[in-house]
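Novice: predicted model and sequence below, questions to follow.
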Amino acid sequence: MYWGCSGSLHQSVMTLSNTGPFNEFLPFPVVPAETSLLNKLIRTSLVESSHAVEILQRDPSSPLYSIRTFEELPLKKELLQGIYMMGFNRPSKIQETALPMMLAYPPQNLIAQSQSGTGKTAAFVLAMLSRVNATEKYPQCLCLAPTYELALQIGCVIEAIGRFCADIKVTYAVRGNRVPQGTVLKEQIIIGTPGTMLDWCFKQKVVDLKKITLFVLDEADIMIDTQGLSSQSIRIQRALPKSCQMLLFSATFKSTVREFAEKIISNPIMIKLREDELTLSNIRQYYFVCRSREEKYEALCNIYGSITIGQAMIFCQTRRSADWLAVAMTQDGHQVAILTAELTVAHRANVIQRFRSGKEKVLIATNVCARGIDVQQVTIVVNFSLPTNQQGEPDFETYLHRIGRTGRFGKSGIAFSMVESRDVVLVEMIEEHFRILSTLTWQNCIPEMWCPCCSIEAGS
Ligand SMILES: Nc1ncnc2c1ncn2[C@@H]1O[C@H](COP(=O)(O)OP(=O)(O)OP(=O)(O)O)[C@@H](O)[C@H]1O
C-alpha cells in the first residue's frame, strides 16, 4: 500500500511500530498516532459537528468574521478550482472561522482545536498554498506532523487541493529521505516529522529558517504525548523569525496541549470546536446470560437468525477469543474480518477499508485496536465479553466507546452483551454507572427463550 502522493519521496512499505504509551491492562499499547492515521485513511467525508466554534482568546486588534462560502476568502482561482475538484462545496464549521483568520493580513497566529475529521488539515493546507510565493524557489512553509505516515497524508491533501498550482512544490523531511549538505531545496513547502526536520534545518542546513513565513504544527496533542517530539518542535519553532505566522492544530485540548501551545505561540487567537459527546441514550442495550463460550456463540447466531443486521462489530477481550470466534463464524458461512493489534497499521487500514466498503459484514476486534476508530455504518455492536480492567471491574469508558454514538451520528443502534452468570454483577455495575447519564433499556434475554424485545430490526 502506498500512502504518499507524487511528492519527492517514494517509498512503498510502511509499518508503524508500537512505541506509544503502554497501557498496563493490555498486551499492546494504544498508539494515538496510529488511530489518527487509520481514521484518516478510512474517512471519506467530513465529520460535521452541530456545535458552534468557540473563540477562547483573541487578539483584540484583529477583526473577527466568519465566512459561509469559499469565494468570500482571498483565495486564488487555482485553489478554488482545487477545492471544488475535491468536492468541497462549502467550508466546514472550523474552516468558516479559522480560514479568514489564517489568511488575514497581517498574518495572525492561531491555535485551533477541533475533533478529528472536521476539516483542519484542509484548512491549513489552504493557508500554506495561499501564503507561498510560487515564483520564489526556496522553502517558505514548514509543517510538522508526529509520524511519517501522517506527514505523507498531509502531502496528499496539499497535492490534491493544490493540483492547479503547478509551480508550488512539496518535499518531505521524513526518515529515509536523505538530503546531503549543500543541497539547494527548491520546494516551497516542507512537511516532515520533528526529528528529520531538525536534522535538515540544523545539521544538514538545507533550510534557511529565516525565510520561513508560515509554520504549522499538526496533531499537537499527539506530539506532546510522544517523547522527544515536542522538544524537537520547540527547537525548530524557536529558530523561526518573529514575523513567521504560527498555526497549531489539535484534535483535543487537554491542559498539557494548551500549556504547550501557549508556550510556543505568542498572542494567538484560540478557537475551539466543542466535541460531540458520546451518548448511550439512543442505543438499545440487551444482554444474554450464557454458561460458556459455546453458548455465547449460540446466542450470537440467534441474533443473526432473528434480526436483520447491516454490519456488526463484535468485540472480544483477547486475541485468542477473537481468533476462535472468527473461525467459528467463518465455518458457519459468515464473511468475517478480524482486527487485532498484531497487524501492521497498513494491514489494519486495509481490513477497515474492506469492512467500510461492505466486503465483510462482520468485524471482530479486540478492544485495543478498535478504540477511537470511527466505523459509522455499524448498527449492531456485540460485546462477546464485557470490557473489564485488570481488577476484573467493568471498564466503563471502553464500554461507552464501543457502543456509544455521538448525537450527530446518533442513528439508533443496538448493542448486545454476552455475560456468564458470574458476570451479571458487571452488567449491574454498568447499568448503575450509566443510569446517571441516560435511560438504559437492559433486557435479560436467554438464548433458549428468545424474547420479543429482541425481534427488532437493527438500525430501526
Ligand atoms: N469543506 C469541506 N467539505 C467537504 N469535505 C471536506 C471539507 N473539508 C474537509 N473535508 C473532507 O473531510 C475529511 C476530513 O477532513 P480533514 O482531514 O481536513 O479533517 P481533520 O480535522 O484534519 O482530521 P484529523 O484530525 O483526523 O487530521 C476529509 O476526507 C476531507 O477531504
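Specialist: Yes, it's here. Numbering: from 1, shown residues only.
Novice: okay, now the residue in the stretch 251-400 of the chain that the ligand sits nearest to: neighbour count?
Specialist: Among all residues of the stretch 251-400 of the chain, residue 251 sits closest to the ligand, at 4.6 Å; criterion: C-beta to the nearest ligand atom. Heads up, the C-betas are built off the backbone N, CA and C, glycines and all. Neighbouring residues of residue 251 were enumerated by other C-beta atoms under 10 Å; the total is 22.
Novice: for it, what are its contacts?
Specialist: By C-beta atoms under 8 Å, 6 or more residues apart in numbering, the residues touching residue 251 are 36, 113, 114, 115, 116, 120, 219, 221.
Novice: wait, isn't the first one in contact with residue 154?
Specialist: No: the pair formed by residue 36 and residue 154 falls short of the contact definition of C-beta atoms under 8 Å, at 11.6 Å.
Novice: give me the subset of the contacts of residue 251 touching the ligand.
Specialist: Among the contacts of residue 251, the residues that sit close to the ligand (C-beta under 6 Å from any ligand atom) are 36, 116, 120.
Novice: give me the phi and psi for the nearest residue to the last one once chain neighbours are set aside.
Specialist: Okay, so that is residue 120. Distances taken as C-beta to C-beta, 6 or more residues apart in numbering place residue 249 nearest to residue 120, at 4.7 Å, with adjacent residues excluded. Note on residue 249: its backbone torsions stand at phi -120, psi 140 [degrees, to the nearest 10].
Novice: which strand residues bridge residue 249?
Specialist: residue 112 (DSSP bridges).
Novice: pLDDT wise, what is it at?
Specialist: At residue 249, the model reports a pLDDT of 92.
Novice: and if you look at residue 204?
Specialist: Per-residue pLDDT puts residue 204 at 93.
Novice: ditto for residue 1
Specialist: 29.
Novice: the residue nearest to residue 120 and residue 188, how far apart?
Specialist: Here residue 249 is placed at a distance of 20 Å from residue 188 (C-beta to C-beta, to the nearest Å).
Novice: from the contacts of residue 251, which is closest to residue 282?
Specialist: Among those, residue 115 lies closest to residue 282 (C-beta to C-beta), at 19.1 Å.
Novice: let me know the secondary structure of the closest one.
Specialist: coil (DSSP: H, G, I helix; E, B strand; the rest coil).
Novice: is it in contact with residue 273, as I believe?
Specialist: Yes: counting by C-beta under 8 Å, residue 273 is a contact partner of residue 115 at 6.8 Å.
Novice: neighbour-wise, which of those two wins?
Specialist: residue 273 (23 against 19).
Novice: excluding sequence neighbours, find me the nearest residue to the more buried one.
Specialist: residue 114 is the one closest to residue 273 (C-beta to C-beta, 6+ apart), at 3.6 Å.
Novice: OK, contacts around the residue nearest to residue 120?
Specialist: 112, 113, 120, 121, 124, 216, 217, 218, 219, 220.
Novice: tell me the spacing between it and residue 146.
Specialist: Noted for residue 249: a distance of 12 Å to residue 146, by C-beta to C-beta.
Novice: which neighbours do these two have in common?
Specialist: Joint contacts of residue 249 and residue 146 (C-beta under 8 Å, 6+ apart) are 218, 219.
Novice: what's the pLDDT at residue 354?
Specialist: 86.
Novice: now residue 188
Specialist: pLDDT, residue 188: 97.
Novice: how many neighbours does it have?
Specialist: By the measure other C-beta under 10 Å, the count of residues near residue 188 is 25.
Novice: can you check residue 359 too?
Specialist: Neighbours around residue 359, by other C-beta under 10 Å: 11.
Novice: helices or strands up against whichever strand or helix holds residue 313?
Specialist: Assessed by DSSP states H and E, residue 313 sits inside strand 312-316. Counting contacts by 3 or more C-beta pairs under 8 Å, 6 or more residues apart in numbering; DSSP states H and E, strand 312-316 packs against helix 319-331, strand 362-366, helix 367-370, strand 380-383.
Novice: buried ones in stretch 323-332, by neighbour count?
Specialist: Residues of stretch 323-332 classed as buried: 324, 325, 326, 328, 329 (neighbour count, 16 or more other C-beta atoms under 10 Å).
Novice: what residues does the stretch 251-400 of the chain put near the ligand?
Specialist: residue 251.
Novice: partners of the strand holding residue 313 in the sheet?
Specialist: strand 362-366 (parallel), strand 380-383 (parallel).
Novice: quick check: angle from that strand to helix 319-331?
Specialist: Counting by axes from the mean of the first three to the mean of the last three C-alpha atoms, to 10 degrees, strand 312-316 lies at 140 degrees to helix 319-331.
Novice: can you give the distance of strand 312-316 from its chain's centre?
Specialist: Its chain's C-alpha centre and that of strand 312-316 lie 20 Å apart, by C-alpha atoms, centre = their mean, to the nearest Å.
Novice: what lies in contact with it?
Specialist: 300, 322, 325, 361-367, 370, 375, 378-385, 387, 402.
Novice: 6 Å instead, please
Specialist: 322, 362-367, 378, 380-384, 402 (C-beta atoms under 6 Å, 6 or more residues apart in numbering).
Novice: got it, and stretch 235-245?
Specialist: Counting by C-beta under 6 Å, 6+ apart, residues outside stretch 235-245 touching it are 107, 197, 209, 210, 212, 213, 214, 215, 264.
Novice: how about the contacts made by the second one?
Specialist: It stands for residue 197. Contacts for residue 197 were tallied using C-beta under 6 Å, 6+ apart; they are 173, 236.
Novice: please apply the same query to the last one.
Specialist: Neighbouring residues of residue 264 by C-beta under 6 Å, 6+ apart: 234, 237.
Novice: what about it, distance to residue 220?
Specialist: Taking C-beta to C-beta, one finds residue 264 at 9 Å from residue 220.
Novice: ditto for residue 388
Specialist: Taking C-beta to C-beta, one finds residue 388 at 33 Å from residue 220.
Novice: who has more neighbours out of these two?
Specialist: Neighbour comparison, residue 388 and residue 220: the larger count goes to residue 220, with 29 against 16 (by other C-beta under 10 Å).
Novice: mean pLDDT lowest where, among the helices and strands packed on strand 312-316?
Specialist: It's helix 367-370: among those, that one has the lowest mean pLDDT, namely a mean of 65.
Novice: which one of the contacts of strand 312-316 is nearest residue 426?
Specialist: Nearest to residue 426 among these: residue 383, at 10.2 Å, using C-beta to C-beta.
Novice: quick one: contacts for the closest one?
Specialist: Contacts for residue 383 (C-beta under 6 Å, 6+ apart) come out as 315, 417.
Novice: what comes up buried for stretch 220-233?
Specialist: 220, 221, 222, 223, 224, 225, 226, 229, 230, 232, 233.
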